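Novice: A predicted structure for the sequence below; I have some questions about it.
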Amino acid sequence: MKTTAITPSNIAFIKYWGKKDEALRLPENGSISMNLSNLLTTTTVEFSSQYKEDSVIINGVQEPNEGSRAIKHLDRIRKLANISDKAKVVTENNFPTGTGLSSSASGFAALTVAGAKAAGLNLSEKDLSILARQGSGSACRSIPDGFVEWIDGDTNETSYAISVYPENYWDIVDVVAVVSKDKKHVGSTQGHKLATTSPFFEKRLELINDKIKLVKKYLKERDFEKFGELIEEEALELHAIYLTSKPSLIYLLPGTLLVMHMVKKWREDGLPVYFTLNTGQDMHLICERKNASKVSALAEKINEVQKTIINFPSEGARIVSKSLF
Ligand code: PMV
């Protein structure tokens, strides 16, 4: 059966960085995120005995099969469904890939949801999240709705994401500022392996559970200022780990730093906006909905910002009736 899924990317407020189990992608720590309404992957999957080999087409480009993460993921689905048919996968992202906007999160979530259904599986949200996690860790958070917690867990079955609040819980917005469409030089799969080479990583793990508790408290209270301060601090801590890894990981471009300075200035001028960012140069500017157009207009005035994408909190993965082939 040909099946199509649409899934959002997500932005982590408390980040997943470092794995305690490489093969199962079990994270060193739990994380908290929000699904993004306008960073979307659409994926259609079909398994058929007619296909001689797997074919994966991402944004119109055929992926090489050798060592492909997507094909390894199809193998996981085939194993669960006890089938051997090859698959055709066509996937499209409506946003830049590999620049820090977490296309692997939405991508593996979409492949999981469309692939599982196409293979005849009827998995629960929890099981879909567990399966998505094995393709790309952060993908497990794109399955449930709204504001999401990934419970780190010590085993395959105990490491998955759940919805903490639905998408309409809090009117906050992520104004993504695209700084450059160049792909990052080291992807997150490689980067995670370097986490423990930073002298500050152990300290991070020591403090992370208290930080998770705190961000959940501010979410519960909808305390935007305290929430903003904490998530900005967390993003800078992640980059402190990157910068002090061996070899160092430098994702910050001049445009990224400029946006950081401007966000601080806008705050001094009375506009409540905070930044966060992932493995890459693009920036996520978090503000309340009433300030979204203003933040977007200000960001677009910066020469180094190519464009902005306004995202509201979003539902998670869903099956749709349209098809990409
Ligand atoms: O899921 P991965 O392997 O792409 O790692 C994601 C890592 C960060 O984006 C930096 C943080 C996060 O929690 O999304």
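Specialist: Now that the structure is in, tell me what you want to look at.
Novice: please point out which parts of the lengthiest strand in the chain sit buried.
Specialist: Secondary structure assigned by DSSP state E gives strand 31-48 as the longest strand of the chain. Of the residues in strand 31-48, those with enough neighbours to count as buried (16 or more other C-beta atoms under 10 Å) are 31-37, 39-47. From N, CA and C alone the C-beta is placed, and that goes for glycine too.
Novice: which residues touch the helix or strand where I241 lies?
Specialist: Taking DSSP states H and E as the definition, I241 sits inside helix 224-243. Under the contact criterion C-beta atoms under 8 Å, 6 or more residues apart in numbering, helix 224-243 has outside partners 13-15, 17, 172, 191, 195, 198, 200-201, 204, 211, 214-215, 218-219, 248-252, 272-279, 286, 288.
Novice: do that again at 6 Å, thanks
Specialist: By C-beta atoms under 6 Å, 6 or more residues apart in numbering, the list of residues contacting helix 224-243 from outside reads 13-15, 17, 198, 201, 215, 218, 249, 274-277, 288.
Novice: return the distance of stretch 194-209 from the chain's centre.
Specialist: Mean C-alpha position of stretch 194-209 versus that of the full chain (C-alpha atoms, centre = their mean, to the nearest Å) differs by 21 Å.
Novice: would you say A292 is within a strand?
Specialist: No - the assignment for A292 by DSSP: H, G, I helix; E, B strand; the rest coil gives helix, which leaves it out of any strand.
Novice: residue contacts, it?
Specialist: If you count contacts by C-beta under 6 Å, 6+ apart, A292 has them with 173, 175, 310.
Novice: do the same with A70
Specialist: With C-beta under 6 Å, 6+ apart as the criterion, the residues that contact A70 are V56.
Novice: how far away is it from L219?
Specialist: Separation of A70 from L219 (C-beta to C-beta, to the nearest Å): 33 Å.
Novice: what does S49 give?
Specialist: 48 Å.
Novice: what kind of secondary structure is the residue in the chain sticking out farthest from the centre in?
Specialist: No residue in the chain has its C-alpha farther from the mean C-alpha position than Q50, which lies at 33.9 Å (C-alpha atoms, centre = their mean). In the three-state summary, Q50 is assigned as coil, counting by three-state DSSP.
Novice: what's the answer for N29, then?
Specialist: On the three-state scheme (three-state DSSP), N29 is labelled coil.
Novice: circling back: for the ligand, tell me which of the buried residues of strand 31-48 show up nearby.
Specialist: Contacts with the ligand within those, counted by C-beta under 6 Å from any ligand atom: S31.
Novice: just the closest of the buried residues of strand 31-48 to the ligand, please.
Specialist: S31 (4.6 Å; C-beta to the nearest ligand atom).
Novice: buried sites along the strand or helix carrying E206?
Specialist: Following DSSP H and E, one finds E206 within helix 201-221. Of the residues in helix 201-221, those with enough neighbours to count as buried (16+ other C-beta under 10 Å) are 201, 204-205, 208, 211-212, 215-216, 218-219.
Novice: and the two most separated of the residues you listed?
Specialist: Across those, the longest distance by C-beta to C-beta is 25.4 Å; it joins F201 and L219.
Novice: in a strand, T112, correct?
Specialist: No - secondary structure of T112, determined by three-state DSSP: helix, with no strand assignment.
Novice: and the stretch 101-250 of the chain, which residues reach the ligand?
Specialist: By C-beta under 6 Å from any ligand atom, the residues of the stretch 101-250 of the chain that approach the ligand are 102, 104-105, 136-138, 188-189, 192.
Novice: what angle separates the helix or strand just after the helix holding I241 from helix 224-243?
Specialist: Of the helices and strands lying after helix 224-243 in sequence (DSSP H and E), the nearest is helix 254-268. Put simply, helix 254-268 runs at 160 degrees to helix 224-243, going by axes from the mean of the first three to the mean of the last three C-alpha atoms, to 10 degrees.
Novice: thanks a lot, catch you later.
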